[in-house]
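S.K.: Sharing a model prediction with you, sequence too.
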Amino acid sequence: MKLTYRPEIDGLRAIAVLSVIIYHGQKYTHSLSKSIFGDNFLGGFIGVDIFFVISGYLITSIIFKELKVTGKFSFLNFYERRIRRILPALFVVMLVSLPFAWIYLIPSSLIDFSKSILSAVGFGSNLYFHYSGLEYAGPDSLYQPFLHTWSLAVEEQYYIIFPVLLIITIIFFKKYIIHILIFSLAISLFGAHWASYNYSSLNFYMLPTRVWELVAGSILAYFEIKRGKRSTNKFFNKVFPFFGISLIAISIFLYNDGTYHPSFYTFIPILGVCLLIWFANKGEFITKILSSKFFVSVGLISYSLYLWHYPVFTFGKISGLLSDNILKKILLMLLLIGLSTLTYFIVEKPFRNRVKLKFKSAISILIFFLVIIFSFNFYVINKKGFPERIFSNENYTLDYGTYLNEWVEFKKKTGTPVFKNLNKTNVLIIGNSHATDTFNIFHLNKDLFSKYEFSIFHNPIKPQEYYKVSCFYKFLVANNTYCRKIDYGKQNIELFKNADIIILSTRWDPEDIELLNEIIFIIKNRNKKVLIFNNTLESELKTNFTILDYFVWKNNRLPNKQELYKLEKKLFMQLNRTKEKNKKVLNIAKKNSVPILLKEKYLCDFNKKTCGLLTPNGEKIFWDYGHYTIDAAKYFGKKIHKINWFKAD
């Protein structure tokens, strides 16, 4: 059942997809969008929520209109349209991505890639990314080319479940359809708001806490089909579209990764989308803009743009194309537009044409694509990512996943030691994942630091999560706007109570630095000594490799002494990346008469102006931009003891 074409809906799609692309461009890739827009689109993730409302509106409109005109509803026709709309372009993007994944992804990443592809084909990528522990805005997110398919999974799950539930409701509870829709919206919205404070990942990825956004569109469709029209009030039709676009713009420009989402805050842009859909009319200014050639053209290819942008950004980043070269960035953006346009005209439009391409033929083509996708990805998983594709020896591998897994497993194995020996000085380390590095240094060399017992603040519910120093402030006082609700657990309370020395060791963020004065004051007032470790050395990653990894990847060998020396000098120059943060932390430490220990003392040689990349045994020091391997932590502990760097008494 065809609906009356509304060009402003395509205009809304354009706003949605451009918001998401600019957000990902500036957030994860340092691409052209970062150069043009700066940090002004940090709420661009709202674009996905716009898509959800539009989808809910259009899908429900199709169902209600078919029921109104024909008196029945064909599930077969409905799901055929969804298959033609979603799968062909998705499968093509997957197929084109396979050789690039083979070339550019290291074994562990290639396995993750294959698992994400298979989950996306099964409409479950939102489940996969949630249960794999991947944070949507986290540093590892760009190295998942199909992370963005989580939103497709949410929509697909809605398409499978909603029509069935709606038809059942119409058969048995026809009088209460709107009541049930409104009740579903309210329950889902309140649930999302609660979960945003308590289970942020589950809340972000799952259908139950997203369904209210789709149902918001469904409610609009219900009233439109029942009344036979939308708003006819001329004054409202002039005012509310402007109000709606303003609510969307405010959200995109003012929200950021710290915004609880989806939640009551998300209701603001959702309301804006609803106002635009309901009150838009041909003569109104905002509708004219959204119906303009530019917005409609972008809206028409929005699905292909959305599918292509993340793989293009990912492989562009990993291959080094998203470098500081502005020409490369422009070419990459042109590639994205070109691929999306071609996919729309060569794949999307032909597959949607039910006259020229019969469903039997379409299914045959899709099955052929599916066989290739399944075969490749199952084979990759079975062969463990083909580790023979990359250089490795007994001490060194390019697969940072090997080091990450070792790092995570070591953290699980050591757990959170309790303070047992009253004759020793109890040292509690506070901070994010870099505090884990600091703890590893001392724990792996506890025989060298026999006067002390070391432990670390931890999350009792999710051990894989780390606390920022600003979150520790919430532990010290009742309220802290920087952190979500945290259950600190009895063990942390006991650790803090029995600690003699508190070490603050973290990747210092602005909110950490802002609260540092007050944190020091509170700790001192509780008769505990404070030590501060400054920011660790951070290497700039133009690909998913360190500068040493990149050399090995290009040359298929480890560097000789002269080449290693040049790389270590290059790494030394990157101390400037944390210079400003470290200066602020140092000033606060001096102001409060708190000892500050400078990590570059054991990381670097200031006489040679180098920073280490390999231990004396040839083991890798950094497995990413700034985290230490287990071997490196062991080496640093010995080095720290030798130079008498750690003085806590």
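M.R.: Alright, I've got the coordinates. A quick note: this is a predicted structure, and the numbers were derived from the prediction, not measured.

S.K.: only C-alpha atoms for contact and neighbour calcs from this point on.
M.R.: Will do.

S.K.: doesn't residue 512 make contact with residue 584?
M.R.: No - using Cα atoms under 8 Å, residue 584 makes no contact with residue 512, being 10.9 Å away.

S.K.: Which one of those two is surrounded by more residues?
M.R.: With neighbours defined as other Cα atoms under 10 Å, residue 584 and residue 512 compare such that residue 512 has more, 21 against 15.

S.K.: can you count the residues close to residue 13?
M.R.: For residue 13, the neighbour count with other Cα under 10 Å is 26.

S.K.: Show the low-confidence segments of the stretch 301-450 of the chain, by residue range.
M.R.: By pLDDT under 70, the low-scoring segments of the stretch 301-450 of the chain are 321-324.

S.K.: ok, now the chain?
M.R.: In the chain, residues with pLDDT under 70: 1-2, 27-40, 133-142, 321-324, 459-467, 478-489, 542-544, 648-649.

S.K.: Tell me the secondary structure of the residue lying farthest from the centre of the chain, please.
M.R.: What lies farthest from the middle of the chain is residue 423; by Cα atoms, centre = their mean that is 45.3 Å. Recorded secondary structure, residue 423: coil (DSSP: H, G, I helix; E, B strand; the rest coil).

S.K.: Tell me how far it lies from residue 265.
M.R.: Per Cα to Cα, to the nearest Å, residue 423 is found 52 Å from residue 265.

S.K.: And residue 163, by the same measure?
M.R.: As for residue 163, its distance to residue 265 is 28 Å (criterion: Cα to Cα).

S.K.: what sits against the closest residue to residue 144 other than its chain neighbours?
M.R.: Of all residues not flanking residue 144 in the chain, residue 113 sits nearest, at 6.4 Å (Cα to Cα, 6 or more residues apart in numbering). If you count contacts by Cα atoms under 8 Å, 6 or more residues apart in numbering, residue 113 has them with 101, 144-146.

S.K.: in which helix or strand would I find residue 113?
M.R.: Element membership for residue 113 (DSSP states H and E) is helix 107-121.

S.K.: Relative to the whole chain's centre, how far out is that helix?
M.R.: Relative to the centre of its chain, helix 107-121 is centred 16 Å away, using Cα atoms, centre = their mean, to the nearest Å.

S.K.: Out of the contacts of residue 113, which two are the most distant from each other?
M.R.: Of all pairs drawn from the contacts of residue 113, the one with the longest distance (Cα to Cα) is 101 and 146, at 11.2 Å.

S.K.: the more surrounded of those two?
M.R.: Using other Cα under 10 Å, the more surrounded residue of residue 101 and residue 146 is residue 146, with 26 against 21.

S.K.: would you say the more buried one is within a strand?
M.R.: No - Residue 146 is assigned coil when assessed by three-state DSSP, not a strand.

S.K.: Contacts only, for it.
M.R.: By Cα under 8 Å, 6+ apart, residue 146 lies in contact with 113, 116-117, 120, 310-311.

S.K.: and which of the residues you listed is nearest to residue 80?
M.R.: Closest to residue 80, out of all of these and judged by Cα to Cα, is residue 120, at 18.5 Å.

S.K.: can you count the residues close to the closest residue to the closest one other than its chain neighbours?
M.R.: Take residue 120 and drop its neighbours on the chain: the residue closest to it by Cα to Cα, 6+ apart is residue 149, 6.4 Å away. Burial of residue 149 is recorded as 24 neighbouring residues (other Cα under 10 Å).

S.K.: give the contact list for residue 149.
M.R.: 120, 125-126, 307.

S.K.: Most widely separated two among those residues?
M.R.: Using Cα to Cα, these reach their maximum pairwise distance at 126 and 307, which is 15.2 Å.
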